[in-house]
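[1] Just to be clear, the model below is a prediction. Sequence and coordinates:
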Amino acid sequence: MLDKGISRRGMLGVGAVLAAGFAATGCGATQNTSYAQARASAAPGAAAGVRAAPVSAAPAAGPPSTVAAEYAGMRPQRWGVEMAGIMSTFPAAGKQMALTFDACGGPGNNDIDESLVNFLIAERIPATLFLNKRWIDANRARAAQLAANPLFELANHGVAHKPLSVNGREAYGIAGTRSARDAADEVWANHELLTTLTGTPPRFFRAGTAHYDDVAVSIVDELGETPVGFSINADFGATASAAKVQSAMNAAAPGAISLAHMHRPHSGTAAGMIAALPQIRAMGFTFVHL
């Protein structure tokens, strides 16, 4: 058994997120939390094409009950949006960066920003979409359309948008999962739904609020998914103006992973991205899937 929640697959993440204790939840019924922009530089790698270089080969997913039993009773040593095992940047082949968008689901969060999605489609810009199970359940037909579009890779944003913890630790007043089994279940039910929806198990997981403890990071890993964070907090939890989104995206760097939200059509996210992404492309960047 591994100690302190350090995964068998080792350190999946590269780079660091300077989050100063904040994350990018963007999924509460009200939006009165301050968010800090996180930026990080990334080391270049040696991959090409639309998809970034794989960080490591994922093992076959273990049954959630077995994985949970393995980690039951472990005490976490770390908590936050940045630690070994969380993928915050990727090894880029030249000027590549990855756009990720969360759809959080739940009351007030089941919409879709069609102007953002339509822009990505019109401009042939690939993105990785982290969909919460509640959002998929409320938007089955639209989720199937997104799954069928090769521009988008669908990833796992959990069942109930909880911070991933083994002791109920909170982020922004949102209680985290309470045990190893609770954490495994937060990942697994949506893992199964996305597998049914796409025909392929999801490769990536992002916790609600993007917060994890180190034991939970290992649980995600053992379930066959890579825990993902971010290096650019693009829309501050869907609270930022278009100008602030555009400014945040100025942190574009090789290997960067940007985080924004696709379920708030009245936010500044779409307008900011529509302004920023052509400029980033003109700088020679290519957008890739994780």
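    Structure received.

[2] Tell me where this structure has strands.
    79-80, 96-103, 127-131, 152-156, 204-205, 212-213, 226-227, 232-233, 257-261, 286-288 (DSSP state E).

[3] In contact with Arg75, which residues are there?
    Asn167, Val215 (CB atoms under 8 Å, 6 or more residues apart in numbering). Backbone N, C-alpha and C define where each C-beta goes, glycine included.

[4] Please report phi then psi for it.
    Per-residue torsions, Arg75: phi -100, psi 120 (degrees, to the nearest 10).

[5] how near is it to Val166?
    8 Å (CB to CB, to the nearest Å).

[6] Mutual contacts of these two, please.
    Counting by CB under 8 Å, 6+ apart, the common neighbours of Arg75 and Val166 are Val215.

[7] What is the neighbour count of the residue nearest to Thr269 when sequence neighbours are not counted?
    Among residues not flanking Thr269 along the chain, Asp235 sits closest, at 4.5 Å (CB to CB, 6 or more residues apart in numbering). Burial of Asp235 is recorded as 32 neighbouring residues (other CB atoms under 10 Å).

[8] dump the residue contacts of Asp235.
    Shown here is Asp235, whose contacts under the criterion CB under 8 Å, 6+ apart are Ala24, Gly26, Lys244, Val245, Ala248, Leu259, Ala260, His261, Ser267, Gly268, Thr269, Gly272.

[9] rerun that using 6 Å as the cut-off
    Val245, Ala260, His261, Thr269 (CB atoms under 6 Å, 6 or more residues apart in numbering).

[10] Just give me the neighbour total for the closest residue to Thr286 other than its chain neighbours.
    In space, and not counting its chain neighbours, Thr286 is closest to Gln96: 5.2 Å by CB to CB, 6+ apart. Gln96: 26 surrounding residues under other CB under 10 Å.

[11] Next, work out how far apart Gln96 and Pro278 are.
    17 Å.

[12] Where does pLDDT dip in this protein?
    Within the chain, the segments meeting pLDDT under 70 span 1-62.

[13] Would you mind finding the longest helix in it?
    helix 180-198 (DSSP state H).

[14] before we move on, the earlier item: relative to Ala68, which of the strands of the chain is closest?
    With respect to Ala68, and counting by CB to CB, the nearest of the strands of the chain is strand 212-213 at 14.4 Å.

[15] which secondary structure elements does the closest one contact?
    If you count contacts as 3 or more CB pairs under 6 Å, 6 or more residues apart in numbering; DSSP states H and E, strand 212-213 packs onto no helix or strand.
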